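> structure for the following, please:
(chains A and B, ligands or ions: 2)
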Amino acid sequence: MSHSETHPQVSYLEYQGKYKGILGWLTTTDHKRIALLYMYCIVVFFFVAAILGLTMSIEKMRPGQDIMNAQTYNGLFTVHGIIMIFMIVIPGLAAVFGNFALPLLIGARDVAFPKLNLFSWYLYVIGAILAVLSQLLKGGAPDTGWTFYVPYSAGSSTNVIWALTAAFILGFSNILTGLNFIVTIHRMRAPGMTWFKMPLFPWSLYATAWIQVLATPIVGITLLMVIAERVLHIGFFDPALGGDPVLFQHLFWIYSHPAVYIMILPAMGVITEIFPTFSQKPVFGYGAIAISSLAIAFVGYFVWGHHMFTSGISYWSKWFFSFLTFIVAVPSAIKVFNWISTMYGGSIQMRPPLLYAISFVFLFMIGGFTGLFLGALATNVQLHDTTFVVAHFHYIIFGGMGFAFFAAIHYWYPKMYGKMYSDRWAYIAWGFTFVGFNLLYFPQFIIGVQGMPRRYFDYLPQFQWGHMLSGFGAFILLIGLILMAWNLIYHVKRGAIAPANPWKGVTLEWQIASPPTLENFEEIPVIKHNPYWFGTEEEIKREKKSVTRNT
Amino acid sequence: MFEGASNLAAGVDRSFILILAIAVFFTVGITAFMIWTVFKYNRKKNKPARQFTGSVTLEIIWTAIPLILVLVIFFYGWKNYAPMRKVPADAMQVTAIGRMWEWSFDYGNGKISKILVLPVDKAVKMNLHSVDVNHGFFIPAFRVKEDVIPSYNNYLWFIPKFKGEYDIFCSSYCGLQHSGMNTKTKVVDPADFTLWLDSLPATGNIPDAEGLTLLKNTGCIACHSLDGAKLVGPTFQAIYGKKHIVITDGKEIEIEVNDAYLISSILDPGKDIVKGFNKGMMQPYRDKLSDAQITLIIDYLKTLTGK
Ligand SMILES: [Cu+2]
Ligand SMILES: [Cu+2]
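Ligands and ions are numbered 1, 2, ... in the order given. You can find the predicted model right below:
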């Protein structure tokens, strides 16, 4: 690690290395700048995919063809899925806030392999470009759904290979980020920061990173196999060639279920940072939250079959997958109870990050509980492949990961830019986003129960009311998102100067300047306490007598 | 309360209500608790935050309670699912064929229909067959759904409880017209069903009669034609009831082909030799065919009327 003798006071945003301006950004190895690079890409792609989603909702407000034909619609939901899943929610929190906050939270000057970190970003950009090209090139947008189920994907004449290659490369970007974080967490914690003195966002990133490293290669290989199937007609999956179509589903979900935890674990981590700060109180059940992250990551490997209950897999494998799916629900429940107990007895200041965190818990609960309907065998039969599933995973991914992303950006924004956004506009944007979101997705639970299948361009008239409400919700949601983006972008230049510690946080990132200098810490801090140490020594001693501590 | 359109609906709906009750209880309770804490412990009240960090007792409680609840839900969901995979032996069999992008229903004997007509109160087993990509066979009112995957012999079964018309959807994405791949099932009186099935023209492939399959598999048709041609042995065309000359113990006698003659010709071909054919060409099938199989063969031979 080099020294910062030259300009010790200059923030990472102003610091000038070898190159100036945009080139300075494209060659940066600073974890904070790379975090912002990821964030800008992700925000742009997010708006693209959100607008694709909006056009789908508009198309479906009335049955029959309105603004697009069936092929366009099928391409749209595929592209919407590929961008959202592979380019936004899977890398999202880890690449943006993991990169930005992990070294700060553990008292490090950067991640373990800064150059590899930049390389991951370039892989991400290459993957993203391929994904975008797959939409625009001659064969037409891929129309297989983001799940690429064989035999359809083996035969479709659209640009499936481009999309598969894109997902493959994006996967490698992910693996390298995961590797980087594992080594960073193992090797670069500040002196005195034992594992159980590490804040909980790094804990969740650690659990996530292991899934990224261990599970992502499986989908990589699987996607390559589909390419080989299309190009060389090998016959892995296509029964016409002697392959097994259900084998593909197994391989795909062996990755893609744990991928759900790649999305949601860092989200839980972010939320776990926010509750103590705004309650001025140690996180409740530190050990339980840390261990439950690992438990989710571990058990989450063995539940993939719950996506395949109707595919004709054996009776007892259904039993087994359903059972484990229920077991994995328990650590999530434990987290929820610990979060709400963190607020109990605190000194709560309602600010936008906390509002988003509370909304996260609410939406995540709905997402989680509706997951129980899908995990139970009897109800799964009715709900599988209906809009109930669509609503369920949007509550988990958007309501969970998305709202955690919003919480995180409102939480660390002052640290990132050294500016404050407007609280009032943040609340207004929240109102539109929250109402729009629920109006968009909640009706889909109900029509799903009534039997409305997913991935339907057209539908029978009895389902129209739900699609109609969804359409209005999509508009309201988009207004909220635009307001939120505007509030944040506008105040990067014009916001009030942020103090070093606007929320009175106690984790390490709040003890340094906003925005931080290039190397974060003039002197690496020595850690003595557990990370959420708010009170005076005396107060803590008094509490110790009345309530058991468990860290 | 749970009078579903099929015998399986009540189990699904009961599981649904159980989970719904638990979900609503906790979602409402926890949300209310959060809102309450925000007001009760608001910083504006100027009370210092208490600095406790956890409680082992509470952790145990809120691990145990969710664990018990999810196990109950799991068990209940499984219990109500189990009957869906146990097809009663007397179920009527219909094959649902999925192709991009329409359903057809094969009732056997070449009878193929685009809508699914079923007799009320009778168990039906749907054999699910795809000729191209994955489809999903879904009748929401009956609470049944299974994927239709090429080369997999998936199935489902149910008993329709009420007469009426119900929607059938394709639930698994299958390309351009996936959303148009729907049809109806019509549940009718058993008598009406029989009438309908009888009047349904046989447009599909008629499968071989069991007797013919036996003739093919045992190799009889290598020596016996079905169309009148003379091979190593006499043709089977219009064989039943035919009168012809056979040589028995060196004497020519005229016989009429009936059940007893056929049985003896199959079990002991050397006894009566058809005039114009050689002895010893056909081996006795005494140990190779069971009585039941011989009956099937004879039943089939009776149908070869000659035209
Ligand atoms: Cu899953
Ligand atoms: Cu379909």
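> from here on, contacts and neighbour counts on C-alpha atoms
OK.
> get me the contact residues on the stretch 101-250 of chain B for ligand 2.
For the stretch 101-250 of chain B, the contact set with ligand 2 under Cα under 5 Å from the ion comprises B:135, B:170, B:172-174, B:178.
> can you pull the contacts of the residue of the stretch 101-250 of chain A found nearest ligand 2?
Distance from ligand 2 to each residue of the stretch 101-250 of chain A (Cα to the ion) is smallest for A:Tyr152, at 10.5 Å. Counting by Cα atoms under 8 Å, 6 or more residues apart in numbering or on different chains, A:Tyr152 makes contact with A:144, B:133-134, B:174-175.
> what about residue 264, which helix or strand?
Went with chain A since none was named. helix A:245-279 (DSSP states H and E).
> try again with chain B
helix B:259-267.
> show residues contacting that helix.
With contacts defined as Cα under 8 Å, 6+ apart, helix B:259-267 is touched by B:271-272, B:284-286, B:294, B:298.
> chain center to that helix, what's the gap?
Its chain's C-alpha centre and that of helix B:259-267 lie 37 Å apart, by Cα atoms, centre = their mean, to the nearest Å.
> next SSE downstream of it?
Elements were assigned by DSSP H and E; along the chain past helix B:259-267, the next helix or strand is strand B:272-274.
> quick check: next helix or strand after that following strand?
Following strand B:272-274 toward the C-terminus (DSSP H and E): helix B:291-303.
> can you give me the strands in the chain?
Looking at chain A here, since you left the chain open. Secondary structure of chain A (DSSP state E): strands at A:419-420, A:496-497.
> um, chain B though
With DSSP E as the criterion, chain B has strands spanning B:92-99, B:102-106, B:112-113, B:116-119, B:124-130, B:135-139, B:144-148, B:154-158, B:164-170, B:183-188, B:243-248, B:251-256, B:272-274.
> now those as a markdown table including mean neighbour count?
As requested, those are exported to a markdown table (neighbours: other Cα atoms under 10 Å in any protein chain shown):
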| stretch | mean neighbour count |
| --- | --- |
| strand B:92-99 | 20 |
| strand B:102-106 | 20 |
| strand B:112-113 | 21 |
| strand B:116-119 | 22 |
| strand B:124-130 | 22 |
| strand B:135-139 | 26 |
| strand B:144-148 | 27 |
| strand B:154-158 | 23 |
| strand B:164-170 | 20 |
| strand B:183-188 | 18 |
| strand B:243-248 | 16 |
| strand B:251-256 | 13 |
| strand B:272-274 | 20 |
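> so which of those is nearest A:Leu23?
strand B:135-139 (50.7 Å; Cα to Cα).
> residues in contact with A:Trp162?
Contacts of A:Trp162 by Cα under 8 Å, 6+ apart are A:130-131, A:133-134.
> please report how far it lies from A:Asp143.
Distance of A:Trp162 to A:Asp143, given as Cα to Cα, to the nearest Å: 12 Å.
> how about A:Met225?
18 Å.
> close to chain B: what parts of the stretch 351-500 of chain A are there?
Neighbours of chain B within the stretch 351-500 of chain A, by Cα under 8 Å from any Cα of the partner chain: A:358, A:362, A:365-366, A:369-370, A:372-373, A:375-379, A:381-382, A:385-386, A:450-451, A:453-459.
> which regions of the chain sit below the pLDDT cut-off?
In the absence of a named chain, this looks at chain A. A:1-8, A:536-551 (pLDDT under 70).
> the intended chain is chain B.
Chain B contains residues with pLDDT under 70 at B:1-3, B:204-207, B:306-307.
> hmm, 80 instead?
Applying pLDDT under 80 to chain B flags residues B:1-3, B:202-209, B:305-307.
> give me the angle between the top helix by length along it and helix A:245-279.
Using DSSP state H, we find that the single longest helix of chain B is helix B:9-40. Relative orientation of helix B:9-40 versus helix A:245-279 (axes from the mean of the first three to the mean of the last three Cα atoms, to 10 degrees): 20 degrees.
> show me what helix B:9-40 is packed up against.
On a contact count with 3 or more Cα pairs under 8 Å, 6 or more residues apart in numbering or on different chains; DSSP states H and E, helix B:9-40 meets helix A:329-343, helix A:352-375, helix A:377-383, helix B:56-81.
> of all the ones you listed, which lies closest to A:Tyr73?
helix A:377-383 (22.4 Å).
> what sits against the closest residue to A:Tyr395 other than its chain neighbours?
Distance criterion Cα to Cα, 6 or more residues apart in numbering or on different chains; nearest residue to A:Tyr395, sequence neighbours excluded, is A:Gly367 at 4.7 Å. When contacts are counted by Cα under 8 Å, 6+ apart, A:Gly367 touches A:392-396, A:399-400.
> if we can go back for a sec, and which of the contacts of A:Trp162 is nearest chain B?
Closest to chain B out of the contacts of A:Trp162 is A:Ser134 (17.6 Å), distances taken as Cα to the nearest Cα.
> can you count the residues close to that closest one?
A:Ser134: 24 surrounding residues under other Cα atoms under 10 Å in any protein chain shown.
> just checking, it touches A:Ala128?
No. Contact criterion Cα atoms under 8 Å: A:Ser134 and A:Ala128 do not qualify, at 9.9 Å.
> dump the strands of chain B to a markdown table, plus distance to A:Trp465.
Output for those, formatted as a markdown table (distance: least, Cα to Cα, whole Å):
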| stretch | distance to A:Trp465 |
| --- | --- |
| strand B:92-99 | 29 |
| strand B:102-106 | 26 |
| strand B:112-113 | 33 |
| strand B:116-119 | 28 |
| strand B:124-130 | 32 |
| strand B:135-139 | 21 |
| strand B:144-148 | 24 |
| strand B:154-158 | 30 |
| strand B:164-170 | 18 |
| strand B:183-188 | 22 |
| strand B:243-248 | 76 |
| strand B:251-256 | 75 |
| strand B:272-274 | 78 |
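> quick check: which of the ones you listed is nearest to chain A?
strand B:144-148 (4.7 Å).
> on that earlier part again, which of the contacts of helix B:259-267 sits closest to chain A?
Checking the contacts of helix B:259-267 one by one against chain A (Cα to the nearest Cα), the nearest turns out to be B:Ile294, at 37.4 Å.
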